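Visitor: sequence and predicted structure below; questions after.
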Amino acid sequence: MVKPKRLLRLLLRIIVLGSTLAAVIIMATSHEKGTFFALSYEAKYSDTPAFKFFVIANAIVTVYGFLVLFIPSESQLWGLVLALDLVFTMLLISSISAALAVAQVGKKGNSSAGWLPVCGQVTKYCNQVTGALVAGFIAIITYIILLLYSIYTFLNPLLGKNG
Amino acid sequence: MALQNEDKLEVGYSSLQPKPKKWVLLMLRLLAFFATAAATVVMGLNKETKTLVVATVGTTPIKATLTAKFQHTPAFVFFVIANGLASIHNLVMIMGDLCGQKLDYKGLRLAMIAILDMMTVALISGGASAAAFMAELGKNGNSHARWNSICDKYKTFCDHGGGALIASFAGLILMLIISVMSIIKLLIKPKPDSTTVVP
């Protein structure tokens, strides 16, 4: 029988897997042709290293999340999974922070550096990037909940022995 | 009297064991505090002013003063705030380690330290990576969006920013090690004094 604790963790992991996969797909398929002062160009996610980092980081976490679903319960690997969860949480936070910084410049521009906002010309691209960032945020929040819950359930057996 | 001797032996043994680890953790926290404080200060005081001659009216040149400040970029503001909070966290933890050993809240002291350490790691990583990619944008520009690089005009600003970034990344690595050690301390709880009871 599947215990409710295991079910909750499995549910959280599936949500994380879905969100990171959605973030990768939405960001990777975002491209739009636009005109910028009579010059036509195509805006892709690979123009910006920050968005490339976002796609790569979320792809790594997606693959990892998919592999973790296959680990049988009560295996010795769950300690390693906990440690890797911490590292991947940090990676996700780092990637979304970078993508958000660059996306903010694309939307609002930076008047002191002479950088004009580009969202007016490539609206569909901007909306897709926003969607990918929202999916990334959902992934991070769920991942943090999962991490805290994993540490709590890891601790409880130990507390039970000593308490 | 025999029980008292055994108690003294147990106390002596347990006070020897965690000492080396405690000093290592304290040293790491001190280093992380210096790294994040240095990053905060260097980026917080990052400002460069340039005067350019824009036009010449008759014989008097019209000068325009342009400044590059860290406040212009929200990513750098977040960087300063994140590193500032991280150094305050490290300072509070050092004080707690040195002065307030007895402070506890329902036995959750180690858990609170571990969770706060993890939060600080998340904060620093977010701030450092956002500032790193913004700095990369400032250095290389983005030809597709017609954003010119600014580092050739404001060289000192870029250099100081780069130094602050390096300090912050060093602080991030140290903070990660500290966080792992705090979690290990949390998971391997020391045995309670019930082991000293001799029937």
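Guide: Looks like it arrived, so ask away.
Visitor: the helix or strand bottoming out on mean pLDDT in chain A: what's the following helix or strand?
Guide: None of the helices or strands of chain A scores lower by mean pLDDT, DSSP states H and E than strand A:31-36, at a mean of 75. Scanning forward in sequence from strand A:31-36, with DSSP states H and E defining helices and strands, the next element found is strand A:39-44.
Visitor: low-confidence ranges, chain A, go.
Guide: A:1-2, A:35-38, A:157-163 (pLDDT under 70).
Visitor: element containing residue 80?
Guide: You didn't say which chain, so I picked chain A. Residue A:80 is part of helix A:78-108, with elements assigned from DSSP H and E.
Visitor: that's the other chain; I wanted chain B
Guide: Using DSSP H and E, the element containing residue B:80 is helix B:74-98.
Visitor: relative to chain B, how far out is the residue most central in space within chain A?
Guide: When chain A is reduced to its mean C-alpha position, the nearest residue by Cα atoms, centre = their mean turns out to be residue A:136, at 3.6 Å. Per Cβ to the nearest Cβ, to the nearest Å, residue A:136 is found 12 Å from chain B. Quick note: C-beta positions are derived from backbone N, CA and C, even for glycine.
Visitor: so what's the gap between the helix or strand hosting that residue and the chain middle?
Guide: When secondary structure is defined using DSSP H and E, the element that contains residue A:136 is helix A:123-162. Computed by Cα atoms, centre = their mean, to the nearest Å, the chain-centroid distance of helix A:123-162 equals 9 Å.
Visitor: kindly report the same for stretch B:154-163.
Guide: In terms of Cα atoms, centre = their mean, the gap separating the centre of stretch B:154-163 from the centre of its chain is 20 Å.
Visitor: so who does the residue positioned nearest the centre of chain B touch?
Guide: Nearest to the geometric centre of chain B sits residue B:36, at 3.8 Å (Cα atoms, centre = their mean). Counting by Cβ atoms under 8 Å, 6 or more residues apart in numbering or on different chains, residue B:36 makes contact with B:83-84, B:86-87, B:90, B:124, B:167-168, B:171, B:175.
Visitor: touching chain B at all, the helix holding residue A:80?
Guide: Yes: in this structure, helix A:78-108 sits against chain B according to Cβ under 8 Å from any Cβ of the partner chain; the contacting residues are A:83, A:86, A:89-90, A:93-98, A:100-102, A:104-106.
Visitor: could you check the angle helix A:123-162 makes with that helix?
Guide: Our comparison of helix A:78-108 with helix A:123-162, counting by axes from the mean of the first three to the mean of the last three Cα atoms, to 10 degrees, yields an angle of 150 degrees.
Visitor: what about the strands in chain B?
Guide: For chain B, applying DSSP state E gives strands covering B:47-57, B:60-69.
Visitor: okay, these in a markdown table with mean neighbour count next?
Guide: Formatted as a markdown table, the entries for the strands of chain B read as follows, by neighbours: other Cβ atoms under 10 Å in any protein chain shown:
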| stretch | mean neighbour count |
| --- | --- |
| strand B:47-57 | 11 |
| strand B:60-69 | 12 |
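Visitor: count the neighbours of residue B:184 for me.
Guide: Here the number of neighbours of residue B:184 (other Cβ atoms under 10 Å in any protein chain shown) works out to 11.
Visitor: so which bits of stretch A:47-61 are buried?
Guide: For stretch A:47-61, the buried set under the neighbour-count rule, 16 or more other Cβ atoms under 10 Å in any protein chain shown, comprises A:47-55, A:57-61.
Visitor: could you dump it to CSV, C-alpha only?
Guide: Extracted as CSV, the C-alpha positions of stretch A:47-61 are listed here (Å, rounded to 0.1, in the frame of the first residue of the first chain):
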residue,chain,number,x,y,z
ASP,A,47,20.4,35.2,-28.4
THR,A,48,20.8,35.6,-24.7
PRO,A,49,23.2,33.5,-22.6
ALA,A,50,20.9,33.9,-19.6
PHE,A,51,18.0,32.3,-21.4
LYS,A,52,20.3,29.5,-22.6
PHE,A,53,21.4,28.9,-19.0
PHE,A,54,17.7,28.8,-18.0
VAL,A,55,16.9,26.2,-20.6
ILE,A,56,19.9,24.0,-19.8
ALA,A,57,19.3,24.2,-16.0
ASN,A,58,15.6,23.3,-16.3
ALA,A,59,16.5,20.5,-18.8
ILE,A,60,19.0,19.0,-16.3
VAL,A,61,16.4,19.1,-13.5
